[in-house]
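**Q** sharing a model that was predicted from the sequence below.
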4 protein chains.
Amino acid sequence: MPYDYQPKDMIFKNLGPTGLKVSVFSYGGWLTVGGTVKGDPVKDLIKTALDNGVNFFDNAEIYSNGESEKEMGRVFKELDVDRSQLVVSTKIFFGTGKSDPNQKGLSRKHIVEGMNASLKRLQLDYVDIVFAHRPDVATPMEEVVRAFNHVIEKGQAFYWGSSEWTATQIQEAIAVADRLNLIRPVVEQPQYSLLHREKFEVEYKPLFEKYGLGTTIWSPLAGGYLSGKYMNGIPEDSRFKSNPQFYESRIKELESEEGKKEQEKIRKLDAVAKRLGASNVAALALAWCAANPNVSSVILGATKPAQLEENFEALKILPKLDDKVMKEIEEIFQNKPEQLPTYGR
Amino acid sequence: MPYDYQPKDMIFKNLGPTGLKVSVFSYGGWLTVGGTVKGDPVKDLIKTALDNGVNFFDNAEIYSNGESEKEMGRVFKELDVDRSQLVVSTKIFFGTGKSDPNQKGLSRKHIVEGMNASLKRLQLDYVDIVFAHRPDVATPMEEVVRAFNHVIEKGQAFYWGSSEWTATQIQEAIAVADRLNLIRPVVEQPQYSLLHREKFEVEYKPLFEKYGLGTTIWSPLAGGYLSGKYMNGIPEDSRFKSNPQFYESRIKELESEEGKKEQEKIRKLDAVAKRLGASNVAALALAWCAANPNVSSVILGATKPAQLEENFEALKILPKLDDKVMKEIEEIFQNKPEQLPTYGR
Amino acid sequence: MPYDYQPKDMIFKNLGPTGLKVSVFSYGGWLTVGGTVKGDPVKDLIKTALDNGVNFFDNAEIYSNGESEKEMGRVFKELDVDRSQLVVSTKIFFGTGKSDPNQKGLSRKHIVEGMNASLKRLQLDYVDIVFAHRPDVATPMEEVVRAFNHVIEKGQAFYWGSSEWTATQIQEAIAVADRLNLIRPVVEQPQYSLLHREKFEVEYKPLFEKYGLGTTIWSPLAGGYLSGKYMNGIPEDSRFKSNPQFYESRIKELESEEGKKEQEKIRKLDAVAKRLGASNVAALALAWCAANPNVSSVILGATKPAQLEENFEALKILPKLDDKVMKEIEEIFQNKPEQLPTYGR
Amino acid sequence: MPYDYQPKDMIFKNLGPTGLKVSVFSYGGWLTVGGTVKGDPVKDLIKTALDNGVNFFDNAEIYSNGESEKEMGRVFKELDVDRSQLVVSTKIFFGTGKSDPNQKGLSRKHIVEGMNASLKRLQLDYVDIVFAHRPDVATPMEEVVRAFNHVIEKGQAFYWGSSEWTATQIQEAIAVADRLNLIRPVVEQPQYSLLHREKFEVEYKPLFEKYGLGTTIWSPLAGGYLSGKYMNGIPEDSRFKSNPQFYESRIKELESEEGKKEQEKIRKLDAVAKRLGASNVAALALAWCAANPNVSSVILGATKPAQLEENFEALKILPKLDDKVMKEIEEIFQNKPEQLPTYGR
C-alpha cells in the first residue's frame, strides 16, 4: 500500500522564483543517513518527517560517499511514496569522495556522470532540484550553466541551484543563463542560523531583491550549539567528556569567555522558547530561520525520530514570532549584521 | 477493424495561428465522461461524435479526477481510431483533485508530471494540444512557457494554450516565448455563449487581431440555459423540481424577473431556430458560436447520443446564419458588448 | 552479403550549401515504384541505379500512396546496402492520399506524424533529406520551420528543403530560421528541363546567389517529351494511339503547329546527342540539366533497367558539354529566359 | 574486479577552457593500436599507461581503419576501468578509409553517422572529446558547428575540438558558435615538438590568449627523430638499413648536411636529459612539450610497454625544466619562431 502523505499541517513556500512548493521544514541526509544511521532507523526518520508533512528531502552525492542517497532511495521505494508528492534534491561537486580529478567539480563531464550516478543510487528518474554543491573556479561558468541546463532538458531535474557560492558567482551564473537563454539557477543552499547571519542577510540581499532567489538552509542549529545541548556547560554523558583529547578545540571554545557568553544567550533564548510553548530551544532557533521571508526551507538533520518531533514544535511556534518576539531575540543576540551602504538609494 | 472516420460533412477550422485542423464542433469530457457517464455509453457518445465528423476531443486531468481521460483513452483504443485523424487535448493545472501542493498549478514539476500522468491515463504517446487550465500567478511566466515548450519538444504535445487566462496573461506568455525564442501559446479555451460575451468579444479582441489566437469554447449553452430546457419555466420532471432545496438559488434565478426575461429571449431564439429548420434552440445557440470567425471549435458536452445528434443540427443551419439572421439575434438579446475605445485609431 | 556499392564512375555534387554529396543523377520513386512497378522489377531498377553509382534515392509519402516508400525500403533491406552510403529523401505534404484534413499539409502535427509514418514504411531510422512537398499557405512559416528543425534535432533527418515553393516562400523560411537560430532549408526540388526553364533560371536565381540553394530536379525530360518518344510523331505502338480518347488533349498538343515545331527541335537535339556519342536524345537532355551549376542532382524515373542504362549515357557526354555545345542547344530551343532587370547592379 | 586506477603521481591539466582534467601525458592509438599492435600487447600498453596515471586515451575513426577503436574499447571492457575516470576521445573526418563520398568529411551526415559508428566500435555510450580530424572546406562552418553541438546535446560527447585546423578556421567556428549560442570548440590537436614549432607558437597564439584554447599534441617526438634513434646515424639493425630503397628519401635526409646538424642538436639534448636524470632524450623532448602552458596533454604512441615507461620519465624531469634549462634548450635548437608584429601593442 502506498504511503498516504498528508500535507495538511505543514507550511509550504515557493522555492524562490519557481512554482515548486517546499515544506518550510525539510529533512536532509547530511552526516546522518547512510553514515551514523542506516537501515530501519532511516525509515523511521523519513516516516517521521513525512508524517509531520515534510515533502522536501535533501541529499548530495558526497553524503556518506553515496550511501545517503542509497538509503533514502531505498526507503522511498519501500514506503512507496507518490513521486509527485516528494521534492528530492541532490548536490553535485564532491563525487563520492574519491581522489580522481574528473569524479568531482563542475565540469560537464562530472555534472552529467554525477547526475546519472546519483539517480541510480536514489532509484529515481529525476530529482526535483540539483545543486552545485560548491563553486568550481576551475570550470568556466558557461560550461557549468550549460551542463545544468542540459541535465534539466534531459528530464533529470526540474530546477538547479548552488550551495555555498558567493553572491557574485550566483550573479554571474544568472547573467550567463540570461545571455544564452538558458535556465537560471533559482536557489542557494547556504548555512544560516542565529549564530551565522552575515552572508545570508548582507551578501545575498541583492539576489533576494533582484531575483527572488530561494534558499534551503543547512546547519540552522549551528552544528548543534543552538540545540541547547551545551547551554549549561558540557554534559557529563556527552562525547566531549568521554573523548576530551579529540574534541579539545571545541571544549576550549565552549569553556572560553566568549563561549560562556554565547551559552548565556542560548539560555535566554530557551526561556523565550518555553514561554512560547515549545519544549526546547532548538524549536525556536528553527522557527526563527523559517520566519525569514527569504528562507524557502530549513533542513533538519536529526538522528532520532524523537529529536525530529521536538524540532517540529517549530511549526507550532512559528505563527507566534511577531515583531515583538523577533525584537526580543535581536536584543539577546545583538548580532544583526550591518547592511552595505546604499549611498542614498 | 479500425474505425473508419469520415470527415466529409464536417466543417474544419485552423486552430488559430496553426496548421492544425479542428472540427468546428468538438466533444469534451467535462462533467460527463468518467463521471456521470461511464463504460459503453461513453463509447456510444464518442462514436456518435466521430460519426458526425468530430475530430477534436477535449479533456483535462481534473475531469472526473482523471477518470474522463481514462474512459476516452479506453474508447479510442477499443474503436481503434487512427491516431493521426484525432485531435486530442488535455489540460494541466488542477491535478486529479488531490490537496498536495505540488500536484497542481503550473510549476515545471507539475506540468511535466501532470503531462506524464495524463498520457498514461489516455494511453497515448502525445496529445495534440495541452492547455494550462488556469493561470498560476504563483509561478513565474518564464517557468510556465519553458515547461510547455519542453513538453512539446519532448514530443508529448504539438501545441499549447491557456484556459480562462486574462488577455494580459496570454500577452505576457507570448512576449516571454518571443523573448526566449520558444513556442508561443496558440489557443485559449474560454467560456463563450450568447449569454457570456464580454470577455471573448472585448478583452480577447486585440489577441485575435495581433496573433490570430485560436479558441475552443466551453459552455456554449451557458450551462444548459441555452438548451431551451427552462425556456417555458422549470419542467415538472426536472432535477430542480425533485430536489428544490439543493437547487434553491438556481430556481430563484429562473423565477426572478430577470430570469423570466431571459426565458422570453430564448423562446424568441427558439422560434428563429425552428424557422431555419432546426428541431431545437440549442442548435442555433451552438451555430451562433461557431459562426464567430475567432472561434476555432465549440465543445459539446452531451450526456446522450440523441442529445448530441440534436446539437449537430447546428452544422446544417450554420450556413444560414447570414447578416440578417445575426442581426435578428442581436435584437433579441440586446447584449452586444461595447468595445474599448480606440481613441481615433 | 551486403551490396558492394562503388561510387567510382559517378559525379558527385554537394547538395547546395551542405557537406552532403549527392550523385548528379539520382533515382526517384515518383509514378513508378510501388505503382506501375512492384516487387522484383523494383529491385532490378534500384540495383541498376546503384551499379551506375547512384547514391541518392528520392521518394515522398504520397508516391503511390506510401507504396513507393515501402518498396524502396524493402529493396534497400534485401540488398543490404550500407546506410551511410545511401542518401534517401522523402517529402511530407500530401500524406498517403486520404481526405483527412490533418493527414496532409505542413502543420507540426502532420510533419511529425508524416515523418514517423514515412520512416516506418522505409524501414529506416532517418532519411537524409526531408522535403516540404508543397508550400502550405494555411500554416504559418514559423510552425513549418520549427517542425522541420524539430524533426532534424530528433535525428529523423539531416537536412530539409522544399519542393515547388516560390522563391519568396523559400526566402521567408530562411529568414524565419535565421531569426529563430534554427536550421535553414537547403534544397528545393523544382521541375526543370530544356522545356521548363523560367522558374529555375529566373525566379530562383537570387537564392542560388545569396544562399547557394541546392536543387534536385524532377521531370528533367518534361514528362517524356525530351525522351524523343514523340519526336517523329506519335508511334503506332504508343498508349496514345491505343487510347486516343483518354489522351485527346495531349494528342492535340503534339499534332498542333507548336507541337510540330517542338518535335523539330527535339530531332535537332537528337542529332547533337548522336554526334556526342549518345545513343539517345534523353541522355543529352539529362546532361544539359546536370551541367547547370545550380543543379545538385537530376532525378531519373525510368520504369525499366534498360531505359535507365540509356539515361546514364548522360554521364559520359556530360564532360563534352562545352560552351560551344551549350550555345548550339540554346540556338535550337531559342527559349533562354530573360533575367529580371538589375537596374545597373 | 574493476581496474584500480590511481591518479596520484600524474600531473593533470584542464583541457583548455573547460573543467575536464586530462593527464599531461596521454596515450594514443595512432599507427600502433589495431594496426602493428593487436590483442594482448594492446592491453599491456594501456595497462602500463593507466599504471602510470594516464587518464586520457586518444583515438580516431581512421586509425587502423576502425581497428584502433575496437581494440581500445575491448581493452577498457576487459580491464573494467571506471568510465568516469577515463577521458576518451575520437576524431571524425576520414571515416574508416573507404572511398565513399559521404563516409568522410564534416557533413552533418558523416558527423552523426561517424559518431554512431565510433561509439559502437569503442563499446561506449559517449566519448569525452570528439575532434574534427581535419577542416572540411566543402562543408559550411555552420553545418559543422551545429552537428558537433547536436552530438554533444545527444549525450555522445562532452566537448568538441579540431585537429590540424588553421587558426582562422578555429576562430570562425568559435564565432559561428557564439552567433548561434552553441557550444564552442575548446581544443585543437596539432603537431608540436622541438622540431615543429611555428604553427603552435605563432599561429595559434591569439587563440590561447583570447579563448584559452586547449591542445593535445601529436607527434611530440617528430615522428621518432626526437627519440634519439638516429642521433648517432642510422643504426645497423634499423628498418632503414634493411630496406634502403623504400626509405631512400628519409635516409638521404638523415645523411644530408642538415640532417647531421640536427643529429648533433639531438645529441646535445640527450646530454641535458642525462644530466637531469633521465635515461633517454625522448623523456626530455616530451617534458619540453608538456612544460608549455598552452599544452593540455602530450600524446604518447609507444608500441611497447618498456618504451612507454621510458617516456614517463618525462614526468620526473618536468619539474626540473626551469628557465635556465629552457634557455639552454633554445640555444641548442636555435629555432624559436619569430612572433607576428604587434605594432606597438
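**A** That came in fine, so what should we check first? Residues are numbered from 1 along each chain as shown, chains lettered A, B, ... in the order given.
**Q** quick one: the helices in chain A?
**A** A:40-51, A:67-79, A:108-122, A:141-153, A:167-180, A:198, A:205-211, A:239-242, A:248-255, A:257-276, A:281-290, A:305-317, A:323-333 (DSSP state H).
**Q** look up phi and psi at residue A:3.
**A** phi -60, psi 130 (degrees, to the nearest 10).
**Q** can you report how many residues neighbour it?
**A** Residue A:3 is flanked by 18 other residues according to other CB atoms under 10 Å in any protein chain shown. From N, CA and C alone the C-beta is placed, and that goes for glycine too.
**Q** can I assume residue A:251 is in contact with residue A:240?
**A** Yes. With contact defined as CB atoms under 8 Å, residue A:251 reaches residue A:240; the gap is 5.5 Å.
**Q** burial of the closest residue to residue A:338 other than its chain neighbours, as a residue count?
**A** Ranked by CB to CB, 6 or more residues apart in numbering or on different chains and with sequence neighbours excluded, the top spatial neighbour of residue A:338 is residue A:202, at 7.5 Å. By the criterion of other CB under 10 Å, residue A:202 has 14 neighbours.
**Q** I'd say residue A:202 and residue A:340 touch.
**A** Yes. With contact defined as CB under 8 Å, residue A:202 counts as touching residue A:340 (6.2 Å).
**Q** in the stretch 51-200 of chain A, what residue is nearest chain C?
**A** Closest approach between the stretch 51-200 of chain A and chain C, counting by CB to the nearest CB: residue A:181, at 9.2 Å.
**Q** and chain A, which of its residues are near chain B?
**A** A:5, A:7-8, A:12, A:14, A:17-21, A:55, A:82-85, A:87, A:128, A:153, A:155, A:158-159, A:181, A:183 (CB under 8 Å from any CB of the partner chain).
**Q** can you do 6 Å?
**A** Residues of chain A lying close to chain B by CB under 6 Å from any CB of the partner chain are A:7, A:12, A:17-21, A:84-85, A:158, A:181.
**Q** residue A:139: neighbouring residues, count only.
**A** Residue neighbour count, defined by other CB under 10 Å, stands at 23 for residue A:139.
**Q** residue A:284 too?
**A** What residue A:284 shows, counting by other CB under 10 Å, is a neighbour count of 29.
**Q** gap between it and chain B?
**A** 26 Å (CB to the nearest CB, to the nearest Å).
**Q** list the contacts of the lowest-mean-pLDDT helix or strand in chain A.
**A** Here the helix or strand of chain A ranked lowest by mean pLDDT, DSSP states H and E is helix A:239-242, holding a mean of 80. For helix A:239-242, contacts defined as CB atoms under 6 Å, 6 or more residues apart in numbering or on different chains pick out A:234, A:247, A:251.
**Q** residues in contact with the residue lying closest to residue A:172 once chain neighbours are set aside?
**A** Nearest residue to residue A:172 in three dimensions, chain neighbours excluded: residue A:141, at 5.1 Å (CB to CB, 6+ apart). Listed by CB under 6 Å, 6+ apart, the contact partners of residue A:141 are A:172-173, A:176.
**Q** ok, the residue nearest to residue A:338 touching residue A:336?
**A** No. Residue A:202 lies out of contact with residue A:336 (CB atoms under 6 Å); the separation is 10.2 Å.
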